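# Just to be clear, the model below is a prediction. Sequence and coordinates:
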Amino acid sequence: MKLRTIIVIALLFLLILFAAINWSAFTTPFSLSFLFGDIQMPLGVFMLGFVGLLAVIFLLFLGKAETVALLEARKQHKELEKARKLADDEELSRINELRRLIETRFDELHARLDVALETSEPSLGDPNREPSTP
């Protein structure tokens, strides 16, 4: 676990422990005044509920941020895969083009060699010919 997570868990545990030790003070009824009127309610329970509501809102925002980050990462992954496939296809195309060029050149060289052998000496192309010695 990360240090930050351990600290948050420890603080949450301390808050729960504090509320449990002082539960009688938390449940003592008070008159709470709001803009629209007064309510008779335990202040500690109200504050714990408010902190819980803030925690839920925070978790919702955190979940939304995580979802957005995951969707963005997925989008980038798809773009990278598309770029990789395009690069692989281009490389394969260049390899095939190079192969065709080499085959063409070899065919040209083979044809030139055949012409050169035929024009220079007819017996040079004969494999049964015995080599001449000077």
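Sure thing, it's come through.

# how close does residue 17 sit to residue 76?
Distance, residue 17 to residue 76, by CB to CB, to the nearest Å: 44 Å. For the C-beta atoms, the positions are set from N, CA and C on the backbone; glycine is no exception.

# roughly how far is stretch 26-36 from the heart of the chain?
50 Å (CA atoms, centre = their mean, to the nearest Å).

# Same question for stretch 66-84.
6 Å.

# other SSEs contacting the helix ranked longest in the chain?
Secondary structure of the chain per DSSP state H: the longest helix is helix 43-120. Secondary-structure packing of helix 43-120 (3 or more CB pairs under 8 Å, 6 or more residues apart in numbering; DSSP states H and E): helix 3-21, helix 23-26, strand 29-34.

# what sits up against the first one?
Spelled out, it's helix 3-21. For helix 3-21, contacts defined as CB atoms under 8 Å, 6 or more residues apart in numbering pick out 26, 44, 48, 51.

# where's the dip in pLDDT among those?
Least confident of the contacts of helix 3-21 in the model: residue 26, at 79.

# what's near enough to touch it?
Contacts here follow CB under 8 Å, 6+ apart; on that basis residue 26 touches 19, 42, 43, 44, 45, 48.

# For those residues, which two are the farthest from each other?
Spatial extent of these (CB to CB) is set by the pair 19 and 43 at 12.3 Å.

# rewinding a little: narrow the contacts of residue 26 to those that are buried.
Neighbour-count burial within the contacts of residue 26 applies to 19, 42, 44; the criterion is 16 or more other CB atoms under 10 Å.

# Using a markdown table, lay out these together with distance to residue 6.
Converted to a markdown table, those look like this (distance: CB to CB, whole Å):
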| residue | distance to residue 6 |
| --- | --- |
| 19 | 21 |
| 42 | 31 |
| 44 | 27 |
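
# With respect to residue 62, which of these is nearest?
Nearest to residue 62 among the buried ones among the contacts of residue 26 is residue 19, at 23.3 Å by CB to CB.

# Okay, now the unreliable bits of the chain?
Along the chain, the parts satisfying pLDDT under 70 run over 1, 121-134.
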